[in-house]
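> build me a model:
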Amino acid sequence: MSDLFEKPVPDDASARKAAPAADAPLAERLRPRRLEDVVGQQDALGPEAPLGRMLAHGRIASLILWGPPGTGKTTIARLLAERVGMRFVQISAIFSGVADLKKAFAEASERRKLGQATLLFVDEIHRFNRAQQDGFLPFVEDGTITLVGATTENPSFELNAALLSRCQVITLARLDDDALEALLVRAEEAEGRALPLTPDARATLRALADGDGRFLLNLVEEVLTLPAGAVPLDPARLVEAVRARAPVYDKGQEGHYNLISALHKSVRGSDPDAALYWLARMLQAGEDPLFLARRLIRMAVEDIGMADPAALTQTLAARDAYEALGSPEGELALAQATVYVATAPKSNALYMADKRAHKSARQHGSLMPPAHILNAPTKLMQEQGYGAGYRYDHDEPDAFSGQDYFPDEMDRPVYYEPVERGFEREIAKRLQWWTKLRRERGVR
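Sure thing, here's the model as predicted:
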């Protein structure tokens, strides 16, 4: 269902044979009839690209076409089959079950006996469960079918390893501005009229499509309902005239993880502008603001830590502010916290120290604390030496006894290594001073 489109080519026999009805939707009428007319996918279809090299040898291997909606997955699969002389069979994982697959395999097997190869195109292949995906394996392996699956989700997460190992993954890009403009020109040629849009509105129309060629042409059809000779629409009037499109984003799927990763890495990289952009993208797509608040809290402790302890206070306050105000007012508190953590000095010293401490705790098991730091509330415990030799730090010079607080069986480790940034500069000086005092007092 993910397609690109072009104006039918009159001298192409296959185009004449497959020409859609005159009253078909614009997206169908502009569907490419040749691979050369697919726009925006040169990295996949060019002569030196994976599919280009396959076609040069006259054969197609089993493939997974991975890309956002409206980038040409179905059309490319159909044209590949046509180019190498294979029978094209299409099913959808949303509407098909085991019985449909068995039927497709049986028909492909019979046609193979007659010398005709079958390209089985499975749209939304990630919708099949693991067992159903395994069902393709023997038929792919023995050549009964050449499988071409289409998915908008990351195959690494959604397809099992056995199936992936038998297919080449081809990544299709969301259509860029030039590709979308090419589709607008084709639409105008097909309709015999220019779109009634100002240059800025034309750019806005491409932006509204969000990289989806099919959706762009659906928007064009809405624009073309305006009478010929109408005053060109400016961006504001265009947005009123067409349905707004929510960004491609599934809170339970890869889009969610991609954007939160972009936000987190922008903060870690001290880029407040990029961080604000990704925050806005997620909020506009309907992400739970409290989820974002929790992630900001995590960033404060993971990527800033003791370099600026106030970052944790700021992010906790932003969460509380959002809970008190709700949207949209509370979102400004999230923006403030985002800028704070993005511009704060960075250190993962606390994060790494915590990991080292956990690793050490697992390695050393259930070692007892040294006796001198144990309380001795009973006579028996006093007789066992609990608390013996403990030195009260407030009574010591510099309020520092320098005693060892690790188990007797452990060499003293160093987990926390502050960096020379932010508040950790001061902490590093304190640690160096205490280390010097320990040496002078003969403590390990």
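
> can you pull out the strands in the chain?
Here the chain has its strands, by DSSP state E, at 63-66, 87-92, 118-123, 146-151, 168-171.

> reformat those as TSV; add distance to Arg425.
To be clear about C-beta, it is placed using only N, CA and C from the backbone, and glycine gets the same treatment. Listed next are the strands of the chain as TSV, based on distance: least, C-beta to C-beta, whole Å:
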stretch	distance to Arg425
strand 63-66	47
strand 87-92	60
strand 118-123	57
strand 146-151	49
strand 168-171	45
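
> quick check: domain ranges of the protein?
34-171, 177-241, 254-343, 366-440 (automatic domain parsing).

> low-scoring pLDDT stretches of the chain, where are they?
Along the chain, the parts satisfying pLDDT under 70 run over 1-23, 228-229, 243-255, 443-444.

> in it, which residue is most central in space?
In the chain, the centroid-proximal residue (C-alpha atoms, centre = their mean) is Asn258; its distance is 2.3 Å.

> show me the contact partners of stretch 406-425.
304-309, 344-347, 349-350, 352-354, 356-357, 360, 364, 367-370, 404, 427-428, 431, 444 (C-beta atoms under 8 Å, 6 or more residues apart in numbering).

> filter those to the buried ones?
304-309, 344-347, 349-350, 353-354, 370, 427-428 (16 or more other C-beta atoms under 10 Å).

> coming back round to it: let's have the strands of the chain in a markdown table, adding distance to Ala201 and mean neighbour count.
Formatted as a markdown table, the strands of the chain follow (distance: least, C-beta to C-beta, whole Å; neighbours: other C-beta atoms under 10 Å):
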| stretch | distance to Ala201 | mean neighbour count |
| --- | --- | --- |
| strand 63-66 | 33 | 25 |
| strand 87-92 | 35 | 17 |
| strand 118-123 | 33 | 25 |
| strand 146-151 | 32 | 25 |
| strand 168-171 | 32 | 16 |
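
> let me know the distance separating Gly330 from Ala337.
11 Å (C-beta to C-beta, to the nearest Å).

> more crowded one of the two?
For the pair Gly330 and Ala337, the greater number of neighbours falls to Ala337 (28 against 20), based on other C-beta atoms under 10 Å.

> residue contacts, the closest residue to that one other than its chain neighbours?
The spatially closest residue to Ala337, leaving aside those adjacent along the chain, is Ala318, at 3.5 Å (C-beta to C-beta, 6 or more residues apart in numbering). Listed by C-beta under 8 Å, 6+ apart, the contact partners of Ala318 are 293, 296, 333-334, 336-337.

> if we go to 6 Å?
By C-beta atoms under 6 Å, 6 or more residues apart in numbering, the contact list for Ala318 reads 293, 333-334, 337.

> top of those residues by neighbour count?
Ala337 (28 neighbours).

> what would the contacts of Ala318 look like in a markdown table with distance to Gly67?
Below are the contacts of Ala318 laid out as a markdown table (distance: C-beta to C-beta, whole Å):
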| residue | distance to Gly67 |
| --- | --- |
| Ala293 | 32 |
| Ala333 | 37 |
| Leu334 | 31 |
| Ala337 | 34 |
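
> please identify which pair of the residues you listed lies farthest apart.
Comparing all pairs in the contacts of Ala318 by C-beta to C-beta, the longest separation belongs to Ala293 and Ala333, at 8.5 Å.

> list the residues that contact both of the two?
318, 322.

> how near is Leu55 to Gly115?
21 Å.

> same question for Arg193.
In terms of C-beta to C-beta, Arg193 sits 48 Å off from Gly115.

> between these two, which one's more packed in?
Ranked by neighbour count (other C-beta under 10 Å), Arg193 and Gly115 place Arg193 first, with 12 against 6.

> neighbours around the closest residue to Asn375 other than its chain neighbours, how many?
With sequence-adjacent residues excluded and distances taken as C-beta to C-beta, 6+ apart, Asn375 is closest to Gly387, at 6.2 Å. By other C-beta under 10 Å, 15 other residues sit near Gly387.

> now do the phi/psi pair for Gly387.
The phi and psi values for Gly387, taken as degrees, to the nearest 10, are phi 80, psi 0.

> so it sits against Pro377, correct?
No. The criterion here is C-beta atoms under 6 Å, and Gly387 misses it with Pro377 at 9.4 Å.

> and for those two, which residues touch both?
In contact with both Gly387 and Pro377: no residue, using C-beta under 6 Å, 6+ apart.

> okay, now Asp176: neighbour count?
Count around Asp176 with other C-beta under 10 Å applied: 12.

> what about it, distance to Gln42?
On the measure of C-beta to C-beta, Asp176 and Gln42 end up 11 Å apart.

> count of residues packed around the nearest residue to Ala293 once chain neighbours are set aside?
Leaving aside its sequence neighbours, Ala293 sits nearest to Arg319 (C-beta to C-beta, 6+ apart; 3.9 Å). If you count neighbours by other C-beta under 10 Å, Arg319 ends up with 20.

> distance of Arg319 from Ala300?
With C-beta to C-beta as the criterion, Arg319 and Ala300 are 11 Å apart.

> one more: Thr198?
With C-beta to C-beta as the criterion, Thr198 and Ala300 are 45 Å apart.

> quick check: which of the strands of the chain is nearest to Asn218?
Comparing these by their distance to Asn218 (C-beta to C-beta), the top pick is strand 118-123, with 18.5 Å.

> adjacent strands (with direction) for the closest one?
strand 87-92 (parallel), strand 146-151 (parallel) (DSSP bridges).

> format these as TSV; extra columns: distance to Pro32.
Formatted as TSV, the strands paired with strand 118-123 follow (distance: least, C-beta to C-beta, whole Å):
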stretch	distance to Pro32
strand 87-92	14
strand 146-151	16
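
> quick check: which of these is nearest to Trp66?
strand 146-151 (5.5 Å).

> can you show me the CA trace of that closest one as PDB?
Output of strand 146-151 as PDB, limited to C-alpha atoms (Å, rounded to 0.1, in the frame of the first residue of the first chain):
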ATOM      1  CA  THR A 146      10.600 -15.000  -4.100                       C
ATOM      2  CA  LEU A 147       9.400 -13.200  -1.000                       C
ATOM      3  CA  VAL A 148       9.200  -9.400  -1.000                       C
ATOM      4  CA  GLY A 149       7.900  -8.100   2.300                       C
ATOM      5  CA  ALA A 150       7.000  -4.500   3.100                       C
ATOM      6  CA  THR A 151       7.100  -3.000   6.500                       C
END
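
> report the distance from it to the chain centre.
21 Å (C-alpha atoms, centre = their mean, to the nearest Å).

> now do stretch 219-226
The answer for stretch 219-226 is 32 Å, by C-alpha atoms, centre = their mean.

> so what touches it?
With C-beta under 6 Å, 6+ apart, stretch 219-226 has contacts from 26, 187, 195-196, 205, 242.

> tell me the one of those nearest Ser165?
For the contacts of stretch 219-226, the nearest to Ser165 is Leu26 (40.2 Å; C-beta to C-beta).
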